[in-house]
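In: Provide a 3D model corresponding to the input given below.
(3 chains)
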Amino acid sequence: MQKFSAFSLFRQALGAHQGWKPQWRSVKPKAAYDIIIVGGGGHGLGAAYYLAKQHGLRNIAVVERGWLAGGNTARNTTIIRSNYLFDESSSYYEHSLKLWEGLSQELNYNVMFSQRGCLMIAHTVHDVQVFKRHVHANRLNGIDNEWLTPQEVKEFCPPLNISPNIRYPILGGALQRRAGTARHDAVAWGFARAASDMGVDIIENCEVTGITRAPSGEVTGVETTLGPIKARKIGVSAAGHSSVVLGMAGIRLPLQSNPLQALVSEPVKPAFPTIVMSNTIHAYISQSDKGEMVIGAGTDSYVSYTQRGGLHIPAHTLEAITELCPMFRRLRMMRSWGGITDNTPDRSPITAKTSVPGLYVNCGWGTGGFKATPGAANLFAWTIAKDEPHPINAPFTIERFRDGTLIDEAAAAAVAH
Amino acid sequence: MLLIKCPYCGERAEVEFANGGEAHIARPADPMTLSDEEWAQYLYMRDNPKGLIAERWRHAHGCGRFFNALRDTRTDRFVMTYEMGQPRPDVTPEQAAEAAR
Amino acid sequence: MNQMFRIPGRGRVDTSRPVSFTFDGRSYAGYAGDTLASALLAHGRHLMGRSYKYHRPRGPVTAGSDEPNALVGVGKGPALHTPNLRATQVEIHEGLVAVSQNRSPCLEFDLGSVNSLFSAMLPAGFYYKTFMWPKNFWDKVYEPIIRHAAGLGVAPTEPDPDSYAFRYDHCDVLVAGGGPAGLSAALAAGRTGARVILVDETAEFGGSLLSDRQARIEGLSGPDWVRGVVAELEALPNVRLMTRCSAFNYGPHNMIALNQRLTDHLMTGASGQPRERLWQVRAKEVVLATGALERPMVFEGNDRPGVMLATAARTYLNRYGVLCGRKVVIVAANDSAYRVALDLLEVGASVAAIADIRPAPDSALLRQCQQMGVRVYKSFVVQRVHGTQRVSGVELAPVLPGGDVGKGRHVSADLVLMAGGYTPSVHLFSQSRGKLRFDEKVGAYVPGESAERERSVGACHGVYQLDAVLADGAAAGVAAASAGGHTGDTPAWRVDAQDRADYAGFAGALPRRGKDLHSMSFVDFQHDVTAKDIRLAVREGFRSIEHVKRYTTTGMATDQGKLSNVNALGIASYALGRPVQQVGLTTFRPPFTPVTFGTFAGHARGDLFDPDRRTQVDSWARAQGAVFEDVSMWRRARYFPRNGEDMEAAVRRECLAVRNAAGIFDASTLGKIEVVGPDAATFMNRMYVNAWTKLGVGRCRYGLLCRENGFIYDDGVVGRIAEDRFHVTTTTGGAAGVLSMMEDYLQTEWPDLDVWLTSTTEQWSVIALQGPKAREILAPLVDGLDISGEALAHMSVVEGTILGVPMRLFRVSFSGELGFEINVPTTEGRRIWDAVWQAGQAHGLTPYGTETMHVLRAEKGYIIVGQETDGTVTPDDAGCGWAVGKAKKDFVGKRSLALPAMQSPERMQLVGLLTEAPQEVLEEGAQLVADPKEAIPMHKLGYVTSSYFSATLGRSIALGMISGGRARKGQTLYVPMEDRVIPVKLVDPVFYDAEGVRLNG
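Out: The predicted structure is shown next:
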């Protein structure tokens, strides 16, 4: 692997950058692998990376139906935080956040993790109670999250309107300072480059059309648009398409795939210092390194794989954004898009074995999977390699819906972004 | 924004409706006789199809009535809507192709 | 300053109406009808902006919405300043203030341009490879520098005072684009009587015809023909015409969003008028007539001010009367170059050379140019452009037969025009999910199969020649109208002296002498993406065009690749060795051009942001000085401070008043649902956990509603008004959800039940009268109704009248005191409230708000859904297991409650919490642990759900949800706060009058 550094950049500059090599190998699939990861997004590429890096496995392929990281990895608003309520969730997201904190160095790829803080705004007495519960629970878990008064909110994020006379005044906010954003494409490319370097085959434009199984039930490989590929283990990391892929093995999942839209403004000079989320009025916003205001909307209500939704959804979000920050009314929407989110009934993910031997799934990340990219990849790799979950992801099974052991962050906080 | 044909009121904008998830999942007559697994299948597991879905809508800001729809989730094009209680209609290959287009 | 480049007699600007404006503090003159760009160009000024990365000086390259370079900030003051507007679109008006962007200290001398010197170190994606060492420098050093350097304009810093509006509309035919194709389509459709909407993003209909001095339609010049067509359309009552109106979003089921700009162009501020309006139009049929964009060419220095598109120069000349330069070199891949040359020659400009990259171009136009003495160099390209802040010349060089580039020659010039061929504007078509196909003849992607009821016509359809364009539009207009049932003849127009369609063009980077390793040949002007950046991305393995876009950021600037995408594709396809069709296209994402946030928000701001629900008593409470809180969409009085009391003092006083005398509370916001019908009791049995069959008429019961997952969803008192009629109350926030849930089960699971559900929340005003004096106050008002304890026991309901007004009187208590909830028709709510209030004066009646209500109920251990419960709490967890009808075979949630996890003794259960120090009030949300010395992460047993100071008890009280809590009563647990640990004793959650003596009084 060519090392990336200011020095290597300088040296390459002397040769007019003609000496750079492909960041990952473009390969044709082999006949068989030990492990196939279905889905070449951040989660899938990361899983392949950790399988190689931490579990010493090398005979791995990642198959992706389109272009690498072209699904939700390419379509999210890049919010990274770990201040979830329940111990199960917060330890999972915190595991991920810790990996984020060293990821650029680990991958030798600048993923631009920017710990600019995430401020969750409270507008009602009920919000205050809920967020304070988060703050206390997080503190006892060693996860930073602090309560800010409206004045402190204003100091931390001056564009916010804290007037008590607006429709939903700001009563305070919960701030996780270690939270932040990252460059979404870079995460996937960084994992792809490092995994490829360790021998992982990354195969684009290869859609899985079937999962083959032995008479005894265990998986034997996948059928793809590039032909059959054998595998002893298959890890599915297909986000919005998880139901489709698992359906090939006869497994129904507690998932519904909904459109989720986001948008950016034209770039402006730094004007928004942090991430602000407001659940009560449905908005979240941050400013990217490029200067665009990155804004997430709510999900459309119906099942759809179209990667688009109705204009009324982002319009409603912009009502909220311009109410929170009325000076942004004259900014302009430059680009909007949609992704397909895979939502579970309790808005918590599944990272687990399935009822089919050799078949594993990492899904259900809904509207918030980007933040979990290295953590979920890392634990999914563990689960596949050892055929059993890591203690952190052990609660995140499919069976919790049978057993009634839900991890209901949605109900508890009504926040799932 | 989708244009949805309420069987009772006609075509109306999506903002008048509430989506009710997959259709034709009848609540078991006697839930207590179900195993935990069967109950979970009813309560949580979904087909989530990429293709034709039979789904429920409620004309919440209109007549208030639930009805069913057949829609292709790859295009969001409706094949038809039909009244609650009717079985899932058969779809001709032409109708399916038109919805998938 | 003189408008030295204004050509008298040319253009459509109104020279009788001079306009003065400032740019970067300097005054300029222009005319009504000018854009900022045309007015500045009239002064010979091309330099208008700086690029994003290298801060290269830039001038306008286009004359329209595809402009990547000439971005300016417009508007006076911190509230009205609007960044990133295209000078090519900004219409000047008297007093307009515009400033350049992304430069320091000034446009002519920008320190940021030092970046250009380091461009070798700043190739595509350089930031992925650097800034990783030392680790902590990213947040503190590198990123702040990058952020400061990035961005373009400056965001306004004060709230926008302008207003915005929106409207929905329907039509038979929506025509997007008012050029020749759109006009002919709109006219053809309009004449049939169909409802037509025609929009154009510019200030005037006509499109390319406004810049065309050549063609004759029915003997009329382009502009004259346009005038006639627009006049006819305006006279048709079934046609709506909107200029300055962009179709920017093509959504599913033919929903098109339009952005209409109403006031920015006006000479004087139009007060009371919205600045912009969002239209969402559901069209039966759509005609896309969005035209085509000329393509720039990629060569060294193609970004220098004075290098622009050939059609742009023609538009500035013919539409605005502005000559963009006097000594012109044109680089041609398309015959449009020759038409522009002829127009320029006509006004006395010198066309120094036309370098046609084609080996053997031949057309009448070319010959005409040659006859006029223009030197045409065939198979020639530009090697480089000289000049920094303005073009001073070019080096033209021949492409040799082997593909190499030969020795060049210098030609001096102050204007270099690029005629790279056309790209159909398929953005809206693509947004509609229509399938694009690569057309070999057109050399570009054109609309293929439509996904919606849509037709693309004219240039966006790959039809370029004027007579064909008009025919294409007319045919589509009639066809679209007929789909909606309107019929008419297809109009036809005779066209003379038109230019022959030329489909030639070039996509990619022009050939260069030797290896092209170092040239600054721009593909994406604004983002400073060069041809070598695209090649680097391919070299590094980014083979998908989407990857190339993301790695280099080409096409991601504010013009969203309108000029750059095809050239980027051409370069990538060359580098990959694959034809363009196999490389694919990036997705066209809405909006077509940027749309103001405020336009989406429309009226939804301030008080209109969300419906503001207020009760009949709201004005009374305000007059009493109440402090309010938001509960869902309702505004509820939280407490009634007197004489400067804070909340704590007011709540203590209100609590004691209720306990010792009486309090009055506005409970109108509680949800109310009337459940009626022969099967009403059966329905209630199936929905609520409680048993209802045996509830007598006139009796009430506390109802608990679970979701099918077994967790509490809502609660409220339910009164049986008649055998077949229940008056169900819900929480304030839960009303709509409960009714939806009931309707869902009734309509879809149990349609056989004969039950009607009606929301009555807004039909009843509810006055809660609580306290030992409640009966004394109420009795004289209820028109003889016996409300004694014997006649109306606790948890009863009776119908009667109060001061002659129909009433449902509930004997219920959420305070633990003797209590009544007086339900009267909303229209009478305020009058009865006033009467009760008057009657209570002699008894010390005190108004109280939600905060006191919370304290009083907590003293009694009553839960609040959403506070003690959070969607993970079962009836038994909440201490309400008694409410569950054990004998019932089924109810919503029963099966889930039978799951093993729901029986676990470890589940969190409702308990009371008492601090050792009676003055210590716990913080709601605080966690409880068994071992306060445990290291982090600590094992948490539960948390404080409600916590208050109880004036009644003279000490603090709290409720909590604690793992195995009921079995832990008597134990001490600990609340670890940041600075100390608070020991807490677990007790029964009922702190006051556990026997219920008072409430049964």
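In: shaky segments in the chain?
Out: No chain in the question, so chain A it is. Within chain A, the segments meeting pLDDT under 70 span A:412-417.
In: wrong one, chain C
Out: Low-confidence segments of chain C, defined by pLDDT under 70: C:1, C:267-271.
In: and it, which residues reach chain B?
Out: Taking C-beta under 8 Å from any C-beta of the partner chain as the measure of proximity, chain C contacts chain B at C:168, C:251-255, C:280, C:282, C:433, C:449, C:451, C:708-709, C:740, C:743-745, C:747-749, C:751, C:889-890, C:894-896, C:898-900. From N, CA and C alone the C-beta is placed, and that goes for glycine too.
In: From those, list the ones also adjacent to chain A.
Out: Contacts with chain A within the residues of chain C next to chain B, as defined by C-beta under 8 Å from any C-beta: C:251, C:252, C:255, C:280, C:433, C:709, C:896, C:899, C:900.
In: what's the neighbour count on the nearest residue to residue A:188 once chain neighbours are set aside?
Out: Nearest non-adjacent residue to residue A:188, counting by C-beta to C-beta, 6 or more residues apart in numbering or on different chains: residue A:69, 3.3 Å away. Residues lying near residue A:69 (other C-beta atoms under 10 Å in any protein chain shown) number 28.
In: need the contact list for residue A:69.
Out: Shown in contact with residue A:69 (C-beta atoms under 8 Å, 6 or more residues apart in numbering or on different chains): A:40, A:41, A:42, A:45, A:184, A:185, A:188, A:189, A:192.
In: ok, and the most crowded of those residues?
Out: Comparing these by number of neighbours (other C-beta under 10 Å), residue A:42 comes first, having 35 neighbours.
In: so it touches residue A:74, yeah?
Out: No: taking C-beta atoms under 8 Å as the definition, residue A:42 is not a contact partner of residue A:74, at 9.4 Å.
In: Identify the contacts common to these two.
Out: residue A:184.
In: you'd agree residue C:117 is in a strand?
Out: No: with DSSP: H, G, I helix; E, B strand; the rest coil as the criterion, residue C:117 is assigned helix and is not in a strand.
In: That one and chain A: what is the separation?
Out: Per C-beta to the nearest C-beta, to the nearest Å, residue C:117 is found 12 Å from chain A.
In: what about that residue, distance to residue C:59?
Out: Using C-beta to C-beta, to the nearest Å, we find residue C:117 at a distance of 22 Å from residue C:59.
In: Likewise for residue C:207?
Out: Residue C:207 is 23 Å from residue C:59, where distance means C-beta to C-beta.
In: follow-up on the earlier one: now, which of the contacts of residue A:69 sits nearest residue B:64?
Out: residue A:41 (41.0 Å; C-beta to C-beta).
In: wait, what's in contact with that closest one?
Out: Shown in contact with residue A:41 (C-beta under 8 Å, 6+ apart): A:64, A:69, A:70, A:71, A:72, A:73, A:188, A:237, A:239.
In: which SS class is the residue nearest to it when sequence neighbours are not counted?
Out: The shortest distance from residue A:41 to any non-neighbouring residue, by C-beta to C-beta, 6+ apart, is to residue A:73 (4.2 Å). Secondary structure assignment for residue A:73 (three-state DSSP): helix.
In: Test my guess that residue A:73 contacts residue A:185.
Out: Yes: the pair residue A:73 / residue A:185 is scored as a contact, 7.3 Å apart, by C-beta under 8 Å.
In: sorry, back to before: quick check: the farthest pair among the contacts of residue A:41?
Out: Checking the contacts of residue A:41 with C-beta to C-beta, the most distant pair is A:70 and A:237, at 13.8 Å.
In: So between the two, which is more surrounded?
Out: More crowded of residue A:70 and residue A:237, by other C-beta under 10 Å: residue A:237, with 29 against 21.
In: give me every residue that touches the spatially most central residue of chain B.
Out: Taking C-alpha atoms, centre = their mean as the criterion, residue B:55 is the residue nearest the geometric centre of chain B, at 1.1 Å. When contacts are counted by C-beta under 8 Å, 6+ apart, residue B:55 touches A:302, A:303, B:19, B:20, B:21, B:22, B:23, B:68, B:69, B:70, B:71.
In: is it true that it lies in a helix?
Out: No: per three-state DSSP, residue B:55 lies outside any helix segment and is strand.
In: Next, work out how far apart it and residue C:140 are.
Out: Counting by C-beta to C-beta, the separation of residue B:55 from residue C:140 is 51 Å.
In: try residue C:733
Out: 44 Å.
In: Looking at the two, which one has more neighbours?
Out: The neighbour comparison of residue C:733 against residue C:140 (other C-beta under 10 Å) goes to residue C:733, with 18 against 9.
In: Can you classify the more buried one as helix, strand or coil?
Out: Classified using three-state DSSP, residue C:733 is coil.
In: hmm, back to that, so which of the contacts of residue B:55 are also by chain C?
Out: Among the contacts of residue B:55, the residues that sit close to chain C (C-beta under 8 Å from any C-beta) are residue B:20.
In: Among the contacts of residue B:55, name the ones in helices.
Out: Nothing among the contacts of residue B:55 maps onto helices, per DSSP state H.
In: From the contacts of residue B:55, pick the one nearest chain C.
Out: For these, the closest approach to chain C (C-beta to the nearest C-beta) belongs to residue B:20, at 6.6 Å.
In: Name the nearest residue to the closest one, ignoring sequence neighbours.
Out: Spatially, and ignoring its direct neighbours in sequence, residue B:20 is nearest to residue B:56 (3.3 Å; C-beta to C-beta, 6+ apart).
In: How about residue C:677?
Out: Using C-beta to C-beta, 6+ apart, the closest residue to residue C:677 is residue C:755 (3.9 Å).
In: Also residue C:794?
Out: Closest to residue C:794 by C-beta to C-beta, 6+ apart is residue C:1000, at 5.0 Å.
In: what's the helix or strand for that neighbour?
Out: Here residue C:1000 is covered by no helix or strand, with elements defined by DSSP states H and E.
In: Now do the contacts for the residue of chain A at minimum distance from chain C.
Out: Closest approach of chain A to chain C (C-beta to the nearest C-beta) occurs at residue A:411, with a separation of 2.3 Å. Going by C-beta under 8 Å, 6+ apart, residue A:411 touches A:346, C:711, C:870, C:871, C:872.
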